[in-house]
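> have a look at this fold, sequence not included:
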C-alpha cells in the first residue's frame, strides 16, 4: 500500500526487466513467431497462420490436452495428500530425526524424473528387482495413470513439503496461539488461522507442481505411451522428432500449454489477491514446537514410509543397476561390481568433463535466476510501477514451455545470420536455456516470501534515513534470503540434470550429465548411465547441504 | 584429484573460449553411436590435422536442430540413421555431389551421387536366451502363445527402419501379422533402446524388429540376449553420410567422407557391430549378403507413411 511513497524501485525493476527480456521474452517471441510463420527457420515470413488450422484441427489434440490437465490434477492431488500433512507436522511438532527426514525428502528433487521412472520400471516390471526379491511384480499398476501419478508425485511432492513446512512454521505458532488465547480449539486455530495464512506458500508450490506435471516429458513418455495415454508434451516431442519436422505445429501446441499454465497462475493470483498474507512484521516470534505425544509413532512411520518410497526405492534401483555387470544377470552376488563407477572416474566417454560442465552451468544458472528472480519478485510485490503484471506473467511462461521448445526458440532467435555475435554454439546458450526454464522457481519462491513481509518494515527503514537500495539490501533481502537460497539450490540441482533442451541445443562437442546418461542409455550401456546418475545425485544432494551448513554458521540463514 | 579438477576447469574455460571460433574445422552432426564418432574424429584428426566438431543425438533431434538452424546453418557433414533423410535432402537441393575414391568397393545400392553409407544396421528379433521361451526363428513365431505378453515392438513413428519393417510386413498381409501380435499382448514400446531394456531384464522375451548392432554389442558385454534374423526376410538401414551445400568447409568435409570409407574408418564401424559399407572389410557378425531382404517399393511405402502409422496406432493404441 505504502510502497509508492517508499519509492526507490527503479534499479531493481530495470534489472528485472532487462533480465527477463533477454532470458524469457526473446525465446518466447521466437516460438510465437515460429507458430505464426511456418518458414521462419529459412528466414521467410510467407504464409502466416497457415499452420494454425492444420494443428488445431488434429482430432487427437483435445484428447492430449484433456490427458495433460487430468495428469496435472492427479499429480497435484497426490503431492498434496503426501506432502501437506508431513509438512504441517514438521512445522508445528517436534518430529524425531526431523533434520534427517528433511535431507531424505530433499533427495527426490535431485533424482532426474526420467531416471526415477526408469528406476521404478526396473523395480516393478515383471522379473524386476521387486520380483527378484519378493516374488511378485506391479507392472499393471505402474503402466497406468495411477502409476504415472505415483512416480511423478514422489518426484515433485518435496516442493510442497518444504513450502508448507516453512510457511506454516513462520505463521503457525504465533498467530495460532493468539487464536487459542481467544478460545479456539487447536483444530479450529489450524483450519481458520494457520492454514489460510499459509495459503501463499501452499498455492505457489501446488502451482509449481501442476506446471511441472503438465510440462514433464520423461515419465509420460516412458509410462504413458504404453497405457495409450498421450499428453501434449509427448505430442510436441513427436512433432519435433518425426521427419518431416513440424516446428510450427510444435510451437502452436506449446502455446496451448503456456495458456494452461497461465490459467493456473491467474487462479493463484485471484486466491491471493482477496486478502493480505503478511505475517512477517518485525515482531519477535517464538518457534517453540510441541511434542507429538501419542501421535509420535504413526507420524514417524509415515515419514519413514514416504522417505523409503520417494528416495529409497529409486536410489536403490539406480544403485543396483549401476552395480550389475549385466542387466540380464539380475541381483546375484557374482553379478555385482564397481566397474561402471570406475569407468566414470576413468573419464570414459568424457564422463568427468560432463560433470564439470553441468555443475558450472548449474552454479551460473542459480546465480542468474536468483538475481533476476528476487528483483522481479520485489518489483511485482512491493512496487506499484505500471506493467508489473506483465513482468509477473513473463516469469510464468517458461514454466509451461517444454524444454525442447525453449531450445528451438533459442536456436531460432540466436542463430540469425545478421547477429554480429551470438551465444549459439557456445556453452552460454545452455546457460540461457536453463535460466529461461528455471526462472519461475526463484521467482515464485521469492514472490511468496515478499508477500509475507509487511510493508511497514521497509517504510521504517526509509523513515530512519536508509536509501531504497539500502532498505532492500539490509531489510528485505535478509528476510527473503532463506526462501531465495533454497530456490537457488533447487535451481542448481534442476539445471545440472536438465535433459530435453540440452539434447537439442548443446554446443557441438559438449556433454552435460544428462546428455551423457541419455547417450549411454541409447547405446544400451544402462549400467554406465546409472552409475553416472548415482554420482550426480550424490553430488547435487551433498553440495547444497554443505553450502547451507556454511551459510548457517555464518548466520545468514536461520536454523 | 585436485589436479584433475584443475585441468577440467582449465579445459572447460578453454572449451568456452574455443567453441565460438570454428576455423576450417569440420562440423559433423550424427545420429550414430557416440563412441563411433568419437573414435572416427580422433583418427581423422590424427591423419589430417583437421579438428572435428561433433553433435550427436537421435535422427529426430538432429533434424530438429538442422531445421531450426536453417537460416544460418553450421553443419558440414550429416550422418543420419535413415536413408530417407538423404533422399529428402537431395530433393530439397541441400546436398553436394561427391563420390569418394574410397567408395569404389561400396555396393551401388548403398550410395548415390549425393550420399554414401557409413555403415549398415539390420533389424532382427532380439531374444532373451534366459526367458524360458523357445528360440523364435520367424516374425510370425512371436504371435504364438509362448510369447503371450512377452513382446515389445519399437515405435515405427520414432525410427525409420522400424517403419520400413512395419510397412514391408504389413504390405504382405494387410496388417494381419500386427493384429495377431496385438492379440497376443505385444506392445509398442518407445524407441529402440527403450524396447530392448525390458528384454534384458527379462520383463519381456523378445523385441520384434530390434536394431541389431545395439543388441549384438550388449551380447558381447555378456548380456544373455541373441539376435535372430528371420529367414523370410528383414530390412536393413544404411546410415547415409552427406555433405551439405551450405558448408564452407567442403574440402575438409570430403576428406572426412574419405576417411570414413578408408580401411581404418570402416574397421571402426565394424568394431561397433555395424556392418561396414565396403564389401571388402570384414566384420565379426552377419553381413548384408547373409541376410534375406524383404522387397518393397520405397517410394510407395513412404508415400503412404501417414496411413500406415495411423493403422498401427489404431491396432495398438486402442485402449
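Yep, it's here. Everything quoted here is computed from the prediction, not taken from an experiment.
> so for whatever helix or strand residue A:77 lives in, what gets flagged as buried?
For residue A:77, the host element (DSSP states H and E) is helix A:60-92. Of the residues in helix A:60-92, those with enough neighbours to count as buried (16 or more other CB atoms under 10 Å in any protein chain shown) are A:61, A:64-65, A:67-69, A:71-72, A:74-76, A:78-80, A:82-84, A:86-92. To be clear about C-beta, it is placed using only N, CA and C from the backbone, and glycine gets the same treatment.
> what about the helix or strand following that helix, average pLDDT?
Per DSSP H and E, the first helix or strand lying C-terminal to helix A:60-92 is helix A:98-110. Mean pLDDT, computed over helix A:98-110, is 87.
> same thing with stretch B:75-94?
When pLDDT is averaged over stretch B:75-94, the result is 91.
> what about that stretch, start to end distance?
Chord length of stretch B:75-94, first to last residue, is 11 Å (CA to CA, to the nearest Å).
> for stretch A:177-189, same thing?
Using CA to CA, the end-to-end distance of stretch A:177-189 comes out at 8 Å.
> show me how far that stretch is from its chain's centre.
35 Å (CA atoms, centre = their mean, to the nearest Å).
> list the contacts of that stretch.
With CB atoms under 8 Å, 6 or more residues apart in numbering or on different chains as the test, stretch A:177-189 has contacts from A:176, A:192, A:193.
> what of stretch A:50-69?
A:35, A:38, A:214, A:224, A:229-235, A:246, A:248-249, A:252-253, A:256-257, A:260.
> buried ones only from the residues you listed, please, as a ChimeraX command.
Typed into ChimeraX, the line below selects the buried ones among the contacts of stretch A:50-69, using 16+ other CB under 10 Å:
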select /A:35,38,214,224,229,230,231,232,233,234,235,246,248,249,252,253,256,257,260
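> residue B:148 and residue B:185 touch, don't they?
Yes. In terms of CB atoms under 8 Å, residue B:148 counts as a neighbour of residue B:185; the distance is 5.2 Å.
> pull up the residues of the stretch 451-559 of chain A that are close to chain B.
Contact residues (CB under 8 Å from any CB of the partner chain) of the stretch 451-559 of chain A with chain B: A:503-510, A:519, A:521-524, A:526.
> need the residues of the stretch 251-400 of chain A near chain B, please.
Neighbours of chain B within the stretch 251-400 of chain A, by CB under 8 Å from any CB: A:325, A:326, A:327, A:328, A:329, A:330, A:349, A:352, A:353, A:356, A:357, A:360.
> these in helices, which ones?
Mapping those onto helices (DSSP state H) picks out A:352, A:353, A:356, A:357, A:360.
> can you tell me which of these has the most neighbours?
In terms of neighbours by other CB atoms under 10 Å in any protein chain shown, those top out with residue A:357 at 27 neighbours.
> what about the residue lying closest to that residue once chain neighbours are set aside, neighbour count?
Spatially, and ignoring its direct neighbours in sequence, residue A:357 is nearest to residue A:512 (5.3 Å; CB to CB, 6 or more residues apart in numbering or on different chains). By the criterion of other CB under 10 Å, residue A:512 has 29 neighbours.
> returning to that earlier point: now, which of the ones in helices among the residues of the stretch 251-400 of chain A next to chain B sits nearest chain B?
Comparing these against chain B with CB to the nearest CB places residue A:356 closest, at 4.3 Å.
> how far away is that closest one from residue B:221?
Residue A:356 sits at a distance of 28 Å from residue B:221 (criterion: CB to CB, to the nearest Å).
> report pLDDT for whichever residue of chain A sits closest to chain B.
At 2.7 Å from chain B, residue A:241 is the closest residue in chain A, using CB to the nearest CB. Here the pLDDT value assigned to residue A:241 is 75.
> return the residues in contact with it.
B:58, B:59, B:60, B:61, B:63, B:64, B:158.
> looking at these, state which has the most neighbours.
Using other CB under 10 Å as the neighbour criterion, residue B:64 leads the contacts of residue A:241 with 28 neighbours.
> give me the neighbour count for the residue lying closest to it once chain neighbours are set aside.
Closest residue to residue B:64 apart from its sequence neighbours, by CB to CB, 6+ apart: residue A:240 at 4.7 Å. The number of residues packed near residue A:240 is 26, by other CB under 10 Å.
> picking up where we left off before, let's have the ones in helices among the residues of the stretch 251-400 of chain A next to chain B in JSON lines, adding pLDDT.
Shown next, in JSON lines, are these (pLDDT from 0 to 100):
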{"residue": "A:352", "pLDDT": "91"}
{"residue": "A:353", "pLDDT": "91"}
{"residue": "A:356", "pLDDT": "92"}
{"residue": "A:357", "pLDDT": "93"}
{"residue": "A:360", "pLDDT": "93"}
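> I am finished for the moment; much appreciated.
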